[in-house]
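Colleague: Sequence and predicted structure are below.
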2 protein chains.
Amino acid sequence: MQLYASPLSGNAHKIRMALAFLELPHEEITVAGPERKTPDFFRLNPLGQVPVLVDGDTVIRDSQAILAYLAALHRPGEWDGRDAVERGRIAQWLSLAANEIANGPAMLRLGKLFGVDIYEPGARAMTAKAFPVLDAHLASRDWLEGDRLTIADLAVSPYVALAPDGGIDLAGFPNITRWLARIAALPNFPSMQGWPAA
Amino acid sequence: MQLYASPLSGNAHKIRMALAFLELPHEEITVAGPERKTPDFFRLNPLGQVPVLVDGDTVIRDSQAILAYLAALHRPGEWDGRDAVERGRIAQWLSLAANEIANGPAMLRLGKLFGVDIYEPGARAMTAKAFPVLDAHLASRDWLEGDRLTIADLAVSPYVALAPDGGIDLAGFPNITRWLARIAALPNFPSMQGWPAA
């Protein structure tokens, strides 16, 4: 199994976490920015993005989709929802990860850490919308859904943890902060540069 | 069952299509823009967006999540993937719907049709990235995944169909155009203002 990734990608870290928690041996192949726009890489992912997971003949792009694949294969029910209600609720967070988190704190980090030209007001507005909802939701819960780790936590947490890289202070979000520490305390948690210490 | 929606919302139309194809009786409750920012509506969806589905005691927000919920309840396997590979591949399109489609053609439509202040270069870039990938993918397929209608088609199609409302010409995307006509020809397809005629 090969994970095409880059060391500082929070999207790649979602998959690193999943593979570490599942104790699945794999090879991580670093694909630098320009290499994502080559014909070889476009054959793996026509959107030209990491992460991509190659598992034998199966190629899956997109971090949320790779999580859904790994969950269905290795932790069906437990990681992706035991019934329709849990599946729906977990999917709510996958959408938040794909939209508000990707275009909010992850975008601000792209601008600040990598100098990418971003539309900062939009990214700030997305963050300001998502973080209070997330913090309030976590006030009465240890995990986003279902009293255990699911792919919802794996999808949402990395770019929330890395938000300070984009100039977002997590001090005002105590429930988020405790949840991030809870995830980082799980056995086999892979370290990530920028993830706040517990 | 209640669907909180608005008539011109493509996100709401994803659910209208699902409920129509499933032949599930329901009540559609129109929530105008300002009504989405009231305490009553925030209790249903703290993000202040339609659609929201209320099914007895279950409240699900976010169009992709509602599709995942309805699929798991009424068409498990068929609509949301028969195995891990199909589940992963369908999830790829749910992410595309939540990110590139929502922030590409749907955003351009918001700007043009509703006068919302958007960042047009970003929305154009997202559209320019997603549409050729979608059209190429559909060159050899009738449906996005698995040779049948799945929630991937339901999640991606409305804002692609409505792209002309945002000034995007679909003439250069023949495979997309045929796919949209295929969906519109399904029994019980609910009409939508702006969906191109077959």
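Modeller: Structure received.
Colleague: any idea of the pLDDT on the residue lying farthest from the centre of chain A?
Modeller: Within chain A, A:P39 marks the point farthest from the mean C-alpha position, 26.0 Å out by Cα atoms, centre = their mean. Per-residue confidence at A:P39 stands at 91 (pLDDT).
Colleague: quick one: the residue nearest to A:I101 when sequence neighbours are not counted from A:W79, how far?
Modeller: Nearest residue to A:I101 in three dimensions, chain neighbours excluded: A:Y159, at 5.0 Å (Cβ to Cβ, 6 or more residues apart in numbering or on different chains). The way it works is simple: take the backbone N, C-alpha and C, and place the C-beta from them, glycine included. Look at A:Y159 and A:W79: by Cβ to Cβ, to the nearest Å, they are 19 Å apart.
Colleague: Quickly find the element holding the residue nearest to A:I101.
Modeller: Assigned by DSSP states H and E, A:Y159 belongs to helix A:151-161.
Colleague: how far does that helix sit from the chain's center?
Modeller: For helix A:151-161, the separation from the chain centroid amounts to 4 Å (computed by Cα atoms, centre = their mean, to the nearest Å).
Colleague: Give me the next element, helix or strand, following the lowest-mean-pLDDT helix or strand in chain A.
Modeller: Least confident element among the helices and strands of chain A, by mean pLDDT, DSSP states H and E: helix A:39-44 (a mean of 92). As assigned by DSSP H and E, the chain's next helix or strand after helix A:39-44 is strand A:52-55.
Colleague: and the closest residue in space to A:R141 that isn't next to it in sequence, what pLDDT?
Modeller: Leaving aside its sequence neighbours, A:R141 sits nearest to A:D147 (Cβ to Cβ, 6+ apart; 7.6 Å). A:D147 carries a pLDDT score of 94 in this model.
Colleague: Same question for the one 10 residues further on.
Modeller: We have a pLDDT of 98 for A:S157.
Colleague: Let me know how buried A:A152 is, in neighbour terms.
Modeller: Residues lying near A:A152 (other Cβ atoms under 10 Å in any protein chain shown) number 26.
Colleague: before we move on, what about A:D40?
Modeller: As a burial measure, A:D40 scores 8 neighbours (other Cβ under 10 Å).
Colleague: quick one: stretch A:21-30 to chain centroid distance?
Modeller: Here stretch A:21-30 is found 16 Å from its chain centre; the criterion is Cα atoms, centre = their mean.
Colleague: what's the angle between whichever helix or strand A:G88 is part of and helix B:84-96?
Modeller: Following DSSP H and E, one finds A:G88 within helix A:84-96. Interaxial angle of helix A:84-96 relative to helix B:84-96 (axes from the mean of the first three to the mean of the last three Cα atoms, to 10 degrees): 50 degrees.
Colleague: how is chain A carved up into domains?
Modeller: According to automatic domain parsing, chain A comprises the domains A:2-74, A:84-184.
Colleague: Now do the buried residues in the longest helix along chain A.
Modeller: Secondary structure of chain A read by DSSP state H shows that its longest helix is helix A:120-137. Within helix A:120-137, the residues scored as buried using 16 or more other Cβ atoms under 10 Å in any protein chain shown are A:122-124, A:126-127, A:129-131, A:133-135, A:137.
Colleague: Check stretch A:26-37 too.
Modeller: Within stretch A:26-37, the residues that qualify as buried are A:26, A:28, A:31, A:36, counting by 16+ other Cβ under 10 Å.
Colleague: Stretch A:80-89 too?
Modeller: For stretch A:80-89, by 16+ other Cβ under 10 Å, it's A:80-81, A:84-89.
Colleague: can you name the two of these that are farthest apart?
Modeller: The distance between the two most remote of the buried residues of stretch A:80-89 (Cβ to Cβ) is 12.7 Å, for A:D80 and A:V85.
Colleague: re earlier: kindly indicate which of the buried residues of helix A:120-137 lies nearest chain B.
Modeller: Taking Cβ to the nearest Cβ as the measure, chain B lies nearest A:V133 of these, at 4.5 Å.
Colleague: List the contacts of that closest one.
Modeller: By Cβ atoms under 8 Å, 6 or more residues apart in numbering or on different chains, the contact list for A:V133 reads B:46-47.
Colleague: And the pLDDT for it?
Modeller: A:V133 is assigned a pLDDT of 97 by the prediction.
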